[in-house]
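Chemist: got a structure for you, letters missing:
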Ligand SMILES: [Fe+2]
Ligand SMILES: [Zn+2]
């Protein structure tokens, strides 16, 4: 064991005591696989230049030294030498408080959000990157955002989709119309109310983001309902931890079929990461197909499913607002569940157009705009 200022080698791994904050242990494989040197990563694009199998199984840190600038120099058992800058060590700290601080903590909301809708005027957003970033930050925190003054012409929703990301073409086409039609293949195309749901859980992967653009809304009713699925999951976890656990482990088979399409996907209603943080909610009663689970598990699962569905119907969680022509709601499809109240198609027209984009493109846009904002 070598005892050095700030850094110690213990059995070939490192214990790092940063200038501030708790010490953290570093596995030798983790640290070596993070070596920033020009032999390990391409200096231009930062991509790795070796395969993980090129690193020896018995790799150990032979010695380590804290550098004057706060970085760490490590000599490895295979003769390689790595230097880790202070800022990099700070950003990648593995202490529990540092890992917790890095966790994305969404802003959970209820129906009371109706007085503080995350809204921006589309033409202004297009011309003002600072406002666009503000809107994207709100979207990221809340799982949805509202755009106003999107021109009320058919097809505009796909232009918005291609500006926020890239429209994902599906069997419904580049965009889809939501209005009542005779003999609908999907309940969305009727005038009945729709309980809150996420779209297309029968796809791999499910759409990351759904856009719905209002072209006409003369028909009485047809208000938009949104529910924060992450908030509902947190409530289920508190009120029924066993049920929550089942919904994170036992997947439902989802299905959509028409004459030319057969879509099937199997996924859990709630997904958590290794830290137990809720990352996704997929809830869609209409396209739930069947549960491939033994009887006692299925019995308990259905109890949990009903409990979650009841939480999603709690009036205090429902954000209700009316989309006016030109409004476009942009929803994180694996978090913000949407539905609508029934409407009367006999007393006026109602016409929405929707499309899907992937979530990573919007996230990329937010991170790129942040670069400029923080530089
Ligand atoms: Fe939908
Ligand atoms: Zn290296």
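Modeler: Perfect, I can see it now. These numbers come from a predicted model, not from an experiment. Ligands and ions are numbered 1, 2, ... in the order given.
Chemist: low-confidence stretches in the stretch 1-150 of the chain?
Modeler: 1-5 (pLDDT under 70).
Chemist: repeat that for the stretch 251-375 of the chain.
Modeler: Judged by pLDDT under 70, no stretch of the stretch 251-375 of the chain qualifies at all.
Chemist: okay but residue 90 is in contact with residue 18, surely?
Modeler: Yes - if you go by Cβ atoms under 8 Å, residue 90 and residue 18 touch, sitting 6.7 Å apart. C-beta coordinates here come from the backbone N, C-alpha and C atoms, glycine included.
Chemist: neighbour count: those two, which is higher?
Modeler: residue 18 (19 against 14; other Cβ atoms under 10 Å).
Chemist: any idea how far the residue lying closest to residue 209 once chain neighbours are set aside lies from ligand 2?
Modeler: In space, and not counting its chain neighbours, residue 209 is closest to residue 357: 4.8 Å by Cβ to Cβ, 6 or more residues apart in numbering. Residue 357 is 38 Å from ligand 2, where distance means Cβ to the ion, to the nearest Å.
Chemist: now residue 345
Modeler: In terms of Cβ to the ion, residue 345 sits 66 Å off from ligand 2.
Chemist: try residue 308
Modeler: In terms of Cβ to the ion, residue 308 sits 48 Å off from ligand 2.
Chemist: what does the top helix by length along the chain contact?
Modeler: If you go by DSSP state H, the chain has its longest helix at helix 295-312. Here helix 295-312 makes contact (Cβ atoms under 8 Å, 6 or more residues apart in numbering) with 195-196, 227, 229, 232-233, 235-236, 239-240, 242-244, 246-247, 250, 269-270, 283, 285, 291, 293, 317, 337.
Chemist: can you show me the helices along the protein?
Modeler: 28-32, 86-91, 96-102, 122-127, 129-142, 156-164, 229-239, 241-249, 295-312, 359-374.
Chemist: export the ones you listed as JSON lines, with columns for distance to residue 278.
Modeler: Below are these laid out as JSON lines (distance: least, Cβ to Cβ, whole Å):
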{"stretch": "helix 28-32", "distance to residue 278": "26"}
{"stretch": "helix 86-91", "distance to residue 278": "25"}
{"stretch": "helix 96-102", "distance to residue 278": "15"}
{"stretch": "helix 122-127", "distance to residue 278": "29"}
{"stretch": "helix 129-142", "distance to residue 278": "15"}
{"stretch": "helix 156-164", "distance to residue 278": "24"}
{"stretch": "helix 229-239", "distance to residue 278": "5"}
{"stretch": "helix 241-249", "distance to residue 278": "8"}
{"stretch": "helix 295-312", "distance to residue 278": "12"}
{"stretch": "helix 359-374", "distance to residue 278": "15"}
